[in-house]
Every structure is written in C-alpha cells, then in structure tokens.
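In: Here is the input, now give the coordinates:
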Amino acid sequence: MSEALEYYSNHTAQIEVVRHDRSLEQIVFPIPEICEYLTPETKKKVYLEAKRDDQGSKVADFFDKSDIMYNEMNWQKKLRNNPALFNVSSHMSLWSNIIFYCSLVINITVLFFYPFSGTVTLPGPYFSGLIWAFLLLSGAVFVALPSSSTLVCMAVNCLLRMVVSAGPEFSVTFLGIALIFFKAIHLISIMGRMGTFNKTMSQVLSEYELMYDIFLLILSIVGLFMHPFFYSALLFDVVVREETLQNVCKSVTKNIRSIILTFFFAVILVYVFAILGYILFQDDFLLDTSPAVVGGNMGPNDHCGPSDRSPGLVSQPPSQPSDDPEPVKERSCDTLAMCFLSILNQGLRSGGGIGDVLRPPSNSEPLFLARVLYDMLFYFIVIIIVLNLIFGVIIDTFADLRSEKQNKEEIIKNTCFICGLERKAFDNKNVTFEEHIRNEHNMWHYLFFIILIRVKDPTEFTGPESYVHYMVDNKCLDWFPRLRAISLAVEEGADGEQNELRTLQAQLEKTQQTMNSLFTQLESLRDQMTEQRKLKQRMGLFHNAPTISNLDKH
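Out: Residues are numbered from 1 along each chain as shown. Modelled structure (predicted):
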C-alpha cells in the first residue's frame with residue numbers, strides 16, 4: 001500500500017487554474033514521462049534568469065521558454081540512446097573545472113619559469129625528496145579518504161614533481177595537450193547537451209556559448225603550437241565563471257555610452273588646452289626622457305639580430321654593466337599634434353594635471369599668472385570634474401547592479417514564482433509558504449501540465465485540460481493565478497463563517513435574555529391577579545369573578 005501511494009505521489013502533480021468566472025480550480029494530473037528528461041541545469045537557469053514583467057510576474061517569460069524546454073526534453077530523450085555521449089554531457093561542470101585549473105597551472109608555470117631552461121634549480125638538496133614524500137603521502141591519504149580535496153592535493157604534488165623532474169617546458173607542453181583534449185570533450189558535451197547535431201548552421205552560429213568555447217579551443221591550440229603566452233587569454237574565463245566579476249564588467253559596459261561621451265568631452269578639453277599650450281607655453285613643454293638600451297638575458301629560442309633592432313637603440317653586452325643613463329630634456333610641443341599627445345598622455349595620468357610635468361615657471365616671467373591659471377583650470381576641469389564623472393558613473397552602476405542582485409535574491413526567496421504572493425501572506429496560516437510553492441503553485445508542475453496537453457490526444461481532454469489548451473493556443477496567461485491561492489481563500493471563508501456564528505450566538509443570547517425578562521414579568525403579573533381575586537372574594541363584591549382558566553384564555 002505504501003509503495004502504491006509513493007508511486008502515485010511521484011508520478012502525479014497538482015496545479016491551480018483560474019476559470020472564466022475568475023474562480024480557482026485545483027487540477028490533479030499525471031506527469032508525462034518525457035518530463036523526466038528536464039535537466040537540473042536548465043531548471044536552475046530558468047528559475048534564476050526568468051524576467052519580471054511590468055506587473056512583477058515571471059509567468060510570461062516562463063511561458064515563452066516552455067517550447068525551448070520541451071525541445072530540450074525531446075533531445076535528452078534521444079541522447080539517452082547514445083550512452084557515451086550522454087555520459088560525456090552529464091559532466092559538463094567537471095570538464096569546465098579541469099580546463100580552468102589546467103590553464104591556471106600552465107600560466108603559473110610560465111610565470112615562474114619562462115624563459116624555459118632544461119632543468120629547474122632547487123632551493124636545497126633535500127627539496128626533491130620532500131616533494132616525493134608529499135606525493136606519496138597525498139596518494140596514501142587519497143586512497144584512505146577519497147575526496148575532492150585530497151584528489152586536488154595529490155594532483156598538485158604530481159604536477160610539481162613533473163616540473164622538477166621533466167622540466168617546465170615539457171610540463172607546459174604536456175598540460176597543453178591535456179588542455180586541448182579536455183576542451184574537446186567539453187565542447188562535445190556542450191554540443192550534446194544543446195542538441196547541436198540536430199540544428200542548422202545558422203542556429204549553431206547563434207549559440208554564443210558554443211562559439212565562445214570554440215574560441216577557447218583555438219586559443220589552446222595556438223598556445224601549444226605557437227607560443228605559451230597565448231594561454232594567458234584563457235584566464236579570462238574566470239569572468240564567465242564568477243557572477244561578481246560579471247557585475248564588475250557590467251558596471252563599465254552597461255553605461256558605456258555615457259562613459260564614451262564623457263571621455264570624448266575630456267578629449268575635446270585636452271584639444272583646447274593643447275591649442276592654448278601651443279600658442280602660449282610652447283617652451284614649457286620640456287619632458288624628461290631616457291635613451292632606450294637593448295640587452296639583458298633572452299630565452300634560448302628568442303634571438304635578436306642586428307636587423308631586428310630599431311634604429312637609434314644603443315646595444316650593450318649583458319656582461320658589461322653600465323651606469324643608468326641620465327635623463328634628457330626633450331621638447332614635446334613643437335607641433336600641435338605633439339602638444340595634444342603630450343597633454344593626453346602626461347596630463348591625464350598625473351595627479352596634479354599637466355602642471356606636474358611642465359617646466360616650473362618663474363614668478364618674474366610675463367606669462368606667470370597665465371601659466372598658473374592654465375595649470376589650475378586643467379586640474380579642476382579635466383582631473384577633478386571630468387575624470388571623476390567617469391569614475392562616478394562606473395561606481396554608481398556597480399552599486400545599482402549590486403542592489404538589483406540583492407533585490408532579485410530577496411524576490412526569489414520570499415515571493416511565489418507563479419502567483420506573486422509574498423511569504424508574509426502565509427504567516428499564521430495552515431499552509432506555510434514552503435508548502436505553497438512546493439505543492440500548490442510549483443512552477444514545474446505548471447510546465448508539466450503544459451507538456452501534458454501537448455502530448456495528450458485532444459479527444460481525451462478533460463474539461464480543465466480543454467480550457468487550458470485553448471488558453472495556451474491563444475497565448476493567453478489569464479489561467480495562471482495572480483495573488484490568489486485556494487488555501488488562503490478557504491481560510492478566509494472559514495474565518496467569515498466563524499464570524500457569522502459568533503454574531504448569531506450573540507443575537508441568540510440577547511433574545512434569551514429578553515425572553516427571560518418577559519417570563520419574569522408574566523409571573524409577576526399572574527401573582528398580582530391572584531391576589532386581587534382573593535381580595536374580591538373576601539369582600540364579596542363580585543359574585544361572578546373570572547376563574548384562572550378564564551384568565552388564561554384571555
């Protein structure tokens with residue numbers, strides 16, 4: 001009996017729909033078999049990324065995505081027939097983590113050991129044995145207590161042992177080959193998960209996630225066969241993996257038009273100041289420069305012949321140390337273009353503006369006051385106002401994005417996805433908010449019902465199913481409950497009945513008290529009539545006195 005109830009509970013669902021007369025109706029239906037193929041990743045993505053409309057409801061966006069989720073269910077059902085592709089596609093997050101950590105280890109190796117040499121110089125004679133000891137210890141711990149942390153520790157020790165024994169160049173090459181291998185597996189898993197094999201070329205090219213991973217695969221191949229410096233671009237994948245970094249980038253890109261226009265305004269101001277500087281202070285643009293020197297250590301594969309050197313560079317042997325060249329004053333405002341570039345380069349990067357890099361004027365010069373005004377105007381207008389406007393736009397945008405994220409998390413946590421009722425509406429009620437979103441208004445139950453009317457024969461529809469089928473075909477969302485739930489309506493009806501009963505009971509008690517008062521008065525009147533009858537009999541005044549029965553008749 002318990003197994004039958006459990007089977008019924010796992011294969012049936014319930015929803016609440018709004019009928020034409022605006023009344024709520026509860027529907028219990030069997031869950032279609034194809035709904036079992038909806039992946040957890042898709043559920044999470046739809047739940048977190050559903051857009052709210054003008055009324056604050058997410059139902060419209062959820063309804064629009066129902067076709068996409070139904071197509072994914074059909075593809076996942078076909079994917080189960082290919083076990084190899086299914087197993088690869090089921091571990092997308094694992095392949096993604098392996099790829100990121102491989103690229104991280106490659107760049108750390110390049111950072112510390114480039115240019116590569118044949119061997120690695122150890123800091124001490126016992127360092128190699130210490131690495132072997134840590135490797136064996138981590139392996140033993142992983143065998144005894146297998147977990148992700150012990151596996152990572154053992155992998156790090158293996159990589160360190162490989163760098164010391166085989167050399168950094170071989171290690172980078174080996175990790176590069178492994179990176180390409182896992183990236184290809186990850187790409188196949190993405191294509192299997194998205195159903196790329198059944199799509200047209202235009203649909204494939206519109207898949208931005210797939211194009212992004214293909215670009216990363218190309219970078220991995222270029223890094224292996226051309227130069228290891230290309231591996232550095234793979235580290236930007238951390239932006240895609242972390243939402244916080246995405247908000248940092250959005251703080252710049254969201255209001256990019258305002259930032260570009262403000263920077264363009266700053267360039268216009270720099271151009272105006274370049275004209276003033278070229279006319280009035282051309283001789284003050286004397287910048288300190290130093291002659292370039294070619295020399296130093298180079299990698300074994302990096303050779304620079306005489307033809308590769310730029311003219312005017314002084315070549316010095318690396319074994320012969322030379323004194324630091326003395327700075328040379330160079331005029332940088334002989335043309336308007338040079339003046340503009342000097343102000344744009346030096347003026348915007350200096351904390352005090354262009355006045356920090358120009359020749360300090362003497363107070364006896366005729367243009368001393370004009371030079372002071374020139375430096376101060378550049379500092380206040382360009383440095384303080386314009387540049388801070390750009391920084392302010394970026395900071396305000398980041399603060400707005402953080403507030404939007406917090407507001408979104410608050411809505412997801414405390415608001416029903418379907419009807420929009422808040423958690424506080426279920427305080428002190430028989431049904432809790434968690435029970436409401438799990439049983440009464442489960443968003444996935446509504447999707448399963450939409451799938452049911454897609455796969456079910458229309459001739460077998462029930463009355464509610466025919467009604468919802470008609471609403472779905474007409475893209476009408478009025479059948480979704482809005483700020484309503486049957487459980488709350490029942491409790492409100494029960495509260496109203498209890499109030500009516502209390503009112504009737506009070507009226508009944510008041511009527512009883514009135515009747516008791518009338519009965520007391522009647523008894524008093526009867527006693528008085530009896531006394532009067534006895535008195536009349538004694539006096540003999542009335543020979544035909546009325547009896548008590550006659551009085552009762554009257």
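In: Excluding covalently adjacent residues, which one is nearest to residue 209?
Out: If the residues on either side of it in the chain are set aside, residue 209 comes closest to residue 190, at 6.7 Å by C-beta to C-beta, 6 or more residues apart in numbering. (Glycine included, C-beta is placed from N, CA and C.)
In: buried set for stretch 132-152?
Out: Buried residues in stretch 132-152, counting neighbours by 16 or more other C-beta atoms under 10 Å, are found at 134-135, 138, 141-142, 150.
In: and what of stretch 422-437?
Out: Those buried within stretch 422-437 under the rule 16+ other C-beta under 10 Å are 425-426, 431, 433, 436-437.
In: Likewise for stretch 335-344?
Out: 339-340, 342-344.
In: a markdown table for the residues you listed, including secondary structure and distance to residue 410?
Out: Shown next, in a markdown table, are the buried residues of stretch 335-344 (DSSP: H, G, I helix; E, B strand; the rest coil; distance: C-beta to C-beta, whole Å):
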| residue | secondary structure | distance to residue 410 |
| --- | --- | --- |
| 339 | helix | 54 |
| 340 | helix | 50 |
| 342 | helix | 51 |
| 343 | helix | 48 |
| 344 | helix | 45 |
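In: between those, which is nearest residue 39?
Out: residue 344 (52.1 Å; C-beta to C-beta).
In: My guess is that closest one contacts residue 267. True?
Out: Yes - counting by C-beta atoms under 8 Å, residue 344 does reach residue 267; the two are 7.3 Å apart.
In: Now do the shared contacts for the two.
Out: Residues touching both residue 344 and residue 267 (C-beta atoms under 8 Å, 6 or more residues apart in numbering): none.
In: still on that earlier bit, go through the buried residues of stretch 335-344 and name the one nearest residue 391.
Out: For the buried residues of stretch 335-344, the nearest to residue 391 is residue 344 (17.9 Å; C-beta to C-beta).
In: name the element the residue lying closest to that closest one once chain neighbours are set aside belongs to?
Out: Of all residues not flanking residue 344 in the chain, residue 270 sits nearest, at 5.2 Å (C-beta to C-beta, 6+ apart). Per DSSP states H and E, residue 270 falls inside helix 256-280.
In: what do you get for residue 221?
Out: Going by DSSP H and E, residue 221 is in helix 208-225.
In: other SSEs contacting the helix or strand following that helix?
Out: For helix 208-225, the following helix or strand on the C-terminal side (DSSP H and E) is helix 237-241. Helices and strands touching helix 237-241, by 3 or more C-beta pairs under 8 Å, 6 or more residues apart in numbering; DSSP states H and E, are helix 92-113, helix 243-253.
In: quick check: mean pLDDT across helix 237-241?
Out: The average pLDDT for helix 237-241 rounds to 86.
In: can you pull the buried residues of it?
Out: Across helix 237-241, burial judged by 16+ other C-beta under 10 Å covers residue 237.
In: ok, now stretch 206-217?
Out: For stretch 206-217, by 16+ other C-beta under 10 Å, it's 207, 210, 213, 216-217.
In: Then stretch 158-176?
Out: Neighbour count says stretch 158-176 has 159-164, 167-169, 171-173, 175-176 buried, by 16+ other C-beta under 10 Å.
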